[in-house]
Structure formats: C-alpha cells, structure tokens
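[1] Turn this into a model:
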Amino acid sequence: MLTILKTDVAVSFGSYRTEGTILHDPERQILVMSDPMEPDEVISKRLDAYGYFPAEDGTTVFITDWSENEGLAASLVAAGVIEIVRELIVGPFKSRAYEVRVLPMGAAAAVAAPVAELAAV
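    Predicted coordinates for the structure are as follows:
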C-alpha cells in the first residue's frame, strides 16, 4: 500500500526539475513520484539482474544515478526522504546506483548525509 512520505518535494531528473509528492510502498519495495500534471512514476529501480536486492523489510530501495535520473538521489536526500546506505557500480558501463533507506514521514530533521558529500561521490 502506498503511503505519503512527503509533499511538495523538488526533484531532479537529469536537467529536468519538478515538484510532487513522494510515496512509498514497502510491500512492493518501490518509491513513487506523484505529480498532478503527470502520471505517477515509479522512481526506484530493481537491480536484481546485478545481484542486488532491497532489504526484505521494505526499508530500502535502489535509485539509479545515470541518464535521466542523474541527481535524483541527491534531491531526495536534500528533501529528507531518503538516506544513502551504499553506492553501487553496476552494468557494463559501470553506472552509479544507490541503495537508499526510506525515511519515515517527518524524519527530515534526522537526515545526516550532507548533499554536497553525495554530489562529490
């Protein structure tokens, strides 16, 4: 079941920036971006093909950081929606992805990972 994590979140998808609501479904292990002007979009990715699996308790998902998703993880960290668990290099092009922990609603103040540190990775 989808639950709202945060509303009015500014998110970057490469050079495209938008605002919307971030939702989480721990059973399906997905994050969703809901924007009234666009169809809902699953913004987390499965990395099973590379041998990576999210936590069974639904607290982590994967965010890719290449192509149209470049900057997505950093914008979600800045919004207090996620925290980075670890960086992963995947695929034949050695692309960057992150395993991220989904923070409960209202946990923005508890985020300790500086966005500048994430951007420098």
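[2] longest single helix anywhere in this structure?
    The longest helix of the chain (DSSP state H) is helix 72-78.
[3] which residues touch G71?
    G71 sits next to S12, F13, G14, D65 when contact means C-beta atoms under 8 Å, 6 or more residues apart in numbering. Placement of C-beta: from N, CA and C, glycine included.
[4] likewise D65?
    G71, L72, A73, S95, R96, A97, Y98.
[5] The second one contacts E41, doesn't it?
    Okay, so that is L72. No. Using C-beta atoms under 8 Å, L72 makes no contact with E41, being 10.9 Å away.
[6] Overlap in contacts, the two.
    The overlap between the contact sets of L72 and E41 (C-beta under 8 Å, 6+ apart) is empty.
[7] More neighbours: which of those two?
    L72 (23 against 13; other C-beta atoms under 10 Å).
[8] Next, find the distance separating the more buried one from V11.
    According to C-beta to C-beta, to the nearest Å, L72 and V11 sit 6 Å apart.
[9] residues shared between the contacts of those two?
    Counting by C-beta under 8 Å, 6+ apart, the residues touching both L72 and V11 are I43.
[10] Selection in ChimeraX covering whichever of the contacts of G71 are buried, please.
    Filtering the contacts of G71 down to the buried ones (16 or more other C-beta atoms under 10 Å) takes a single ChimeraX command:
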select :12,13,65
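[11] Columns distance to S34 and pLDDT on top of the contacts of D65, output as JSON lines?
    JSON lines is the format used below for the contacts of D65 (distance: C-beta to C-beta, whole Å; pLDDT from 0 to 100):
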{"residue": "G71", "distance to S34": "19", "pLDDT": "92"}
{"residue": "L72", "distance to S34": "15", "pLDDT": "94"}
{"residue": "A73", "distance to S34": "18", "pLDDT": "96"}
{"residue": "S95", "distance to S34": "26", "pLDDT": "95"}
{"residue": "R96", "distance to S34": "25", "pLDDT": "96"}
{"residue": "A97", "distance to S34": "23", "pLDDT": "97"}
{"residue": "Y98", "distance to S34": "21", "pLDDT": "98"}
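[12] Filter these down to the buried ones.
    Neighbour counting with 16+ other C-beta under 10 Å marks G71, L72, A73, R96, A97, Y98 as buried within those.
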